[in-house]
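1. I'll drop the sequence and a predicted model, then ask my questions.
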2 protein chains.
Amino acid sequence: MDRGDFRKIFLIEDDEDIGFAVKEALSSKGFEVYHFLRATEFFRAVEKEKPDLVIIDIMLPDFDGFRIARFLRNRPDLSEIPIIFLTAKISEEDKLRGFELGADDYITKPFSVKELIARVNAVLRRANREKNSKVFKVDGLEIDIEKVEVTADGKEVKLTPSEFKILKFLIENYGKPVSRDKLIEKVWGYDHDAYDRTVDVHIKHLRDKLGKYSKYIKTVRGFGYKFDLT
Amino acid sequence: MDRGDFRKIFLIEDDEDIGFAVKEALSSKGFEVYHFLRATEFFRAVEKEKPDLVIIDIMLPDFDGFRIARFLRNRPDLSEIPIIFLTAKISEEDKLRGFELGADDYITKPFSVKELIARVNAVLRRANREKNSKVFKVDGLEIDIEKVEVTADGKEVKLTPSEFKILKFLIENYGKPVSRDKLIEKVWGYDHDAYDRTVDVHIKHLRDKLGKYSKYIKTVRGFGYKFDLT
DNA sequence: ATTTTGATTAAGAATTTGTTAAATCCGCCT
DNA sequence: AGGCGGATTTAACAAATTCTTAATCAAAAT
């Protein structure tokens, strides 16, 4: 059950060579890159499809890159889209101006493709911010999402699939109570009609297995359960 | 009624001069900066107080800055905190490593203070945008809708589900009187036929639990209740 | 002064959650 | 196909907490 991937990038860059290089680099990393040579093309496109990230060259023939940023920031439906400026300009003033307009990052040419990718990932990760951390550590408790493994004080805690999924989902919603319904939906699927007490039983098993760390799974009466340290 | 400020920055930098300069620069912009010379000090501090942003120098005498980042990312309660690396290292490899660990930005020394501030703002702005956890603050009273938590002067106020829902609804209608019927409808459901006095009893409990902040729940004779400061 | 509306109190009813044990399901092996 | 073993679900009951009611008291309005 995926939440969408945040991979659609709009690139506005009038230099065909650079644009091509960037597009290639990002495409090879699985991003879906749409390259526009003119701001006007971009404006048309953005009305139809909302990208997850916009990379803007400051110097464009038809429009100033800053104006594109301002346009995006002023449009409520687009104002959340992260922006990375890409430019040959190196003056600090421009850099600051970029940030003032709400840029999420600012990369000056010539730049390393790897760094560009890293920065794109950083910005998107933050925009996405979900299941990026693969290992959670709390006290002596370790949850490795990728390996599907839980250890308490170094010793493995054997969880059943359901138990693990419940724990995982609780941790992903750290601090926030998760209703039984939401848990059932996320762990078993949206159409599954499970008996509420089923969740309780799993929680009970989970708590038993977590031993002294069971205290982190708190029940929030009337709302569900939550994973919390406090 | 404001929504929280995101101004607390933890800075880990062993060079006193640089640390001082950064702290001054950010403080002058209204940030609350805590400067740690050692990672260990930081670890101690972060258990007590959660910063809104962490700026980490990679080269530290006791710990590698990357390890601090890893530590933060693995702690579910701290994993959302943005990280900016601050360092003299300029190798691309290090930069990439930093981003892999989930850095939100990476600034190499020597850097312009203005740029630092701009980047800090960019990162916080983004973090802010993401964090839509609705938190209402009134005086020393805080209501976190998502976490289903209420605190008065930092101490948790334990509310029952009905009490919480009533408070929530009153606050959502800040300043406007809400009739008992509307409350019953919103808290219990439109078909629920409850006795009016029931609401009063819940209000009474709510007021008891809110202590000195109970004064904000006003009764509007002949109509209902409202949440108001005046 | 009387009436109306809200506050307070306490107790029983109702709801929600915890726990246990047994039943069922499911993949896997022979 | 049949049986095994762990995983999951159900069901029933116990325990804990919350909600509602009703009775009485206090305050405000007429």
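-> All right, it came through fine.
2. looking only at pLDDT, what's the mean for the strand or helix carrying A:H35?
-> Element membership for A:H35 (DSSP states H and E) is strand A:32-36. Strand A:32-36 carries an average pLDDT of 93.
3. And that strand, what does it pack against?
-> The helices and strands touching strand A:32-36, judged by 3 or more C-beta pairs under 8 Å, 6 or more residues apart in numbering or on different chains; DSSP states H and E, are strand A:8-12, helix A:16-28, helix A:39-48. In this view, the C-beta of every residue, glycine as well, is placed from N, C-alpha and C.
4. Name the strands paired with it and say parallel or antiparallel.
-> strand A:8-12 (parallel) (DSSP bridges).
5. picking up where we left off before, point out the most buried one among the helices and strands packed on strand A:32-36.
-> strand A:8-12 (a mean of 23; mean count of other C-beta atoms under 10 Å in any protein chain shown).
6. can you give me how far that strand is from the chain middle?
-> 17 Å (C-alpha atoms, centre = their mean, to the nearest Å).
7. Over to stretch A:30-49?
-> So, by C-alpha atoms, centre = their mean, the centroid of stretch A:30-49 is 21 Å from its chain's centroid.
8. just how off-centre is the helix or strand harbouring A:I68 within its chain?
-> Element membership for A:I68, per DSSP H and E: helix A:65-74. Its chain's average C-alpha position is 23 Å from that of helix A:65-74, according to C-alpha atoms, centre = their mean.
9. what residues does the strand holding A:H35 touch?
-> Residues from elsewhere that reach strand A:32-36 (C-beta atoms under 8 Å, 6 or more residues apart in numbering or on different chains): A:7-13, A:19-20, A:22-23, A:26-27, A:42, A:45, A:51.
10. ok, now with 10 Å
-> For strand A:32-36, contacts defined as C-beta atoms under 10 Å, 6 or more residues apart in numbering or on different chains pick out A:5, A:7-14, A:16, A:19-20, A:22-27, A:41-46, A:49, A:51-57, A:60.
11. does any part of the lowest-mean-pLDDT helix or strand in chain A sit near chain B?
-> Taking mean pLDDT, DSSP states H and E as the measure, chain A has helix A:92-100 as its least confident helix or strand, at a mean of 74. Yes: using C-beta under 10 Å from any C-beta of the partner chain, helix A:92-100 reaches chain B at A:E92, A:E93, A:K95, A:L96, A:R97, A:G98, A:F99, A:E100.
12. would you turn the residues you listed into a markdown table with neighbour count?
-> Output for these, formatted as a markdown table (neighbours: other C-beta atoms under 10 Å in any protein chain shown):
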| residue | neighbour count |
| --- | --- |
| A:E92 | 12 |
| A:E93 | 9 |
| A:K95 | 21 |
| A:L96 | 17 |
| A:R97 | 18 |
| A:G98 | 25 |
| A:F99 | 22 |
| A:E100 | 13 |
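13. ok, so of these, who is nearest DNA strand C?
-> A:F99 (45.8 Å; C-beta to the nearest atom of the strand).
14. Contacts only, for the closest one.
-> A:F85, A:D105, A:Y106, B:K114, B:E115, B:I117, B:A118, B:R119, B:V120, B:N121, B:A122, B:R125.
15. Which helix or strand contains the first one?
-> Element membership of A:F85, judged by DSSP H and E, is strand A:83-87.
16. Check what pLDDT A:Y106 gets.
-> 85.
17. Would you mind giving the secondary structure of the closest residue to A:I143 other than its chain neighbours?
-> Counting by C-beta to C-beta, 6 or more residues apart in numbering or on different chains, A:I143 lies nearest to A:F136, which is 4.5 Å off, once chain neighbours are set aside. At A:F136 the chain is in strand, as set by DSSP: H, G, I helix; E, B strand; the rest coil.
18. Across the sheet, point out what pairs with the one residue in chain A that gets nearest to DNA strand C.
-> The nearest approach of chain A to DNA strand C comes at A:T219, 3.6 Å away (C-beta to the nearest atom of the strand). Beta-bridge pairing for A:T219 (DSSP bridges): A:Y225.
19. Go ahead and name everything in contact with stretch A:70-82.
-> Contacts of stretch A:70-82 (C-beta under 10 Å, 6+ apart): A:6, A:9-10, A:39, A:42-43, A:46-47, A:50-56, A:63-64, A:83, A:101-105, A:120, A:122-124, A:126-127, B:122, B:126, B:129-130.
20. how about 7 Å then?
-> A:46, A:50-51, A:53-54, A:83, A:101-102, A:104, A:123, A:127, B:126, B:129 (C-beta atoms under 7 Å, 6 or more residues apart in numbering or on different chains).
21. Filter these down to just the ones in helices.
-> Members of those lying in helices (criterion: DSSP state H): A:V46, A:V123, A:A127, B:R126, B:R129.
22. contacting residues for the fourth one?
-> With contacts defined as C-beta under 7 Å, 6+ apart, the neighbours of B:R126 are A:P82, A:D104, A:R126.
23. quick revisit: TSV for the ones in helices among the contacts of stretch A:70-82, including distance to DNA strand D and pLDDT?
-> Below are the ones in helices among the contacts of stretch A:70-82 laid out as TSV (distance: C-beta to the nearest atom of the strand, whole Å; pLDDT from 0 to 100):
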residue	distance to DNA strand D	pLDDT
A:V46	44	88
A:V123	37	86
A:A127	33	70
B:R126	37	77
B:R129	34	66
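24. Serialize these to JSON lines and add fields for distance to B:R207.
-> Listed next are the ones in helices among the contacts of stretch A:70-82 as JSON lines, based on distance: C-beta to C-beta, whole Å:
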{"residue": "A:V46", "distance to B:R207": "51"}
{"residue": "A:V123", "distance to B:R207": "46"}
{"residue": "A:A127", "distance to B:R207": "42"}
{"residue": "B:R126", "distance to B:R207": "39"}
{"residue": "B:R129", "distance to B:R207": "36"}
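25. what two of those residues have the greatest distance between them?
-> A:V46 and B:R126 (19.6 Å; C-beta to C-beta).
26. Tell me how chain A divides into domains.
-> A:8-130, A:135-227 (automatic domain parsing).
27. hmm, the shortest one touching DNA strand D?
-> Yes: residues of domain A:135-227 contacting DNA strand D under C-beta under 7 Å from any atom of the strand: A:158, A:160-163, A:188, A:192, A:194-195, A:197-198, A:201-202, A:205, A:221-222.
28. Name the residues that touch stretch A:107-124?
-> Where contact means C-beta under 7 Å, 6+ apart, the residues beyond stretch A:107-124 that reach it are A:6, A:21-22, A:25-26, A:29, A:52-53, A:82, A:84, A:86-88, A:90, A:104-105, B:92, B:95-96, B:99, B:103-104.
29. Could you report the neighbour count for the residue of chain A closest to DNA strand C?
-> A:T219: 13 surrounding residues under other C-beta atoms under 10 Å in any protein chain shown.
30. Ok, the one 3 residues further on next?
-> Close neighbours of A:G222, defined as other C-beta under 10 Å, add up to 15.
31. what about it, is that helix, strand or coil?
-> Classification of A:G222 by three-state DSSP places it in coil.
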